[in-house]
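Engineer: Got a sequence here, can you model it:
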Amino acid sequence: MLCLIPARGGSKRLPRKNLQEIAGKPLLAYTVEAALGSGLFRTVDVSTEDDEIAQLARAYGARVPYRRPAALATDAVSRMEVLFHHLEVIGPVPDDEIVVVLQVTCPFCGAGDIAAAVQRYEASGADTLVTVTDFPHPPQWALREDHEFLVRAWPETPMRRSQEMERLYCPSGAIQIGRVGVVRQQGTFYGPRCAGFYMPREKSLDIDEELDLRIARALMKGS
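Structural biologist: Next comes the predicted model:
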């Protein structure tokens, strides 16, 4: 079983995001330690174009088998493109090999979560698995602007109290799992036979901007 942790150096909303410190450790360290702590993987690889991130990843025990090309380190490049580049570089990788992609910006996703998600994937018979969490508010309440006035985005859905609405799930991005052959064929983890692994919102916090970082630091301090 393979593990890939994409971690580029650039970030527009929160500069040097993957190196931001939380409770005395850089953000990247949490995901590397969780992957290694799960004891599941024959390799835990970090894909980066950034020398400082590469050095830090190695210091925490991950492998950095190559330097990611700059063309694959922009915010326009998808995670799938990074994964396919990784598989090509480290190949050949058999189709039935399981690959797990972890998101650096989810520091509360621990080794136990990774192990439980893999167990759920293997028991489910699904092609792929992704982690999901709750929306902070029902997405059915969404509004959009129309000629300077607000209108409901989905007027066909009755406006009800949140307790009365169908429960919908938000992909968290923390963990994505699939067999290499299936992922190559589908080009996505979100195919027709995709299982979900639920994680509560406090474990699914995704650090994209300064406010998220401040919340993570406060939660880590209180844990």
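Engineer: what's the span of stretch 72-85 from first residue to last?
Structural biologist: Taking Cα to Cα, to the nearest Å, stretch 72-85 runs 9 Å from one end to the other.
Engineer: Name the residues of it that are buried.
Structural biologist: 72, 73, 77, 79, 80, 82, 83, 84, 85 (16 or more other Cβ atoms under 10 Å). From N, CA and C alone the C-beta is placed, and that goes for glycine too.
Engineer: how close does the first one sit to residue 182?
Structural biologist: If I follow you right, that is residue 72. Using Cβ to Cβ, to the nearest Å, we find residue 72 at a distance of 22 Å from residue 182.
Engineer: Low-confidence stretches in the protein?
Structural biologist: 223 (pLDDT under 70).
Engineer: residue at max distance from the center of it?
Structural biologist: Ranking residues of the chain by C-alpha distance from their mean position (Cα atoms, centre = their mean) puts residue 147 at the top, at 36.5 Å.
Engineer: what's the burial count for the closest residue to residue 42 other than its chain neighbours?
Structural biologist: Once flanking residues are discounted, residue 42 sits nearest to residue 1: 6.5 Å by Cβ to Cβ, 6 or more residues apart in numbering. A count of nearby residues for residue 1, using other Cβ atoms under 10 Å, gives 14.
Engineer: Spit out the contact partners of residue 1.
Structural biologist: 40, 41, 42, 97, 98, 99, 100, 118 (Cβ atoms under 8 Å, 6 or more residues apart in numbering).
Engineer: what do you get if the cut-off is 10 Å, keeping everything else the same?
Structural biologist: Going by Cβ atoms under 10 Å, 6 or more residues apart in numbering, residue 1 touches 38, 40, 41, 42, 43, 97, 98, 99, 100, 118, 122, 177.
Engineer: now the strands for this protein?
Structural biologist: Secondary structure of the chain (DSSP state E): strands located at 2-6, 21-22, 25-26, 43-47, 98-102, 128-134, 143-146, 149-152, 169-179, 194-198.
Engineer: Now tabulate the ones you listed in CSV and tack on distance to residue 53 and mean neighbour count.
Structural biologist: Converted to CSV, the strands of the chain look like this (distance: least, Cβ to Cβ, whole Å; neighbours: other Cβ atoms under 10 Å):
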stretch, distance to residue 53, mean neighbour count
strand 2-6, 10, 23
strand 21-22, 14, 15
strand 25-26, 9, 17
strand 43-47, 7, 23
strand 98-102, 14, 23
strand 128-134, 23, 22
strand 143-146, 38, 10
strand 149-152, 42, 10
strand 169-179, 19, 22
strand 194-198, 27, 18
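Engineer: closest one to residue 110 among those strands?
Structural biologist: strand 169-179 (10.2 Å; Cβ to Cβ).
Engineer: Can you name every helix or strand that that closest one contacts?
Structural biologist: Strand 169-179 is packed against helix 27-38, helix 79-90, strand 98-102, helix 111-124, strand 128-134, helix 180-186, strand 194-198, with contacts defined by 3 or more Cβ pairs under 10 Å, 6 or more residues apart in numbering; DSSP states H and E.
Engineer: if we can go back for a sec, for the buried residues of stretch 72-85, which one is nearest residue 194?
Structural biologist: Using Cβ to Cβ, residue 80 comes nearest to residue 194 of the buried residues of stretch 72-85, at 13.9 Å.
Engineer: Many thanks, we can stop here.
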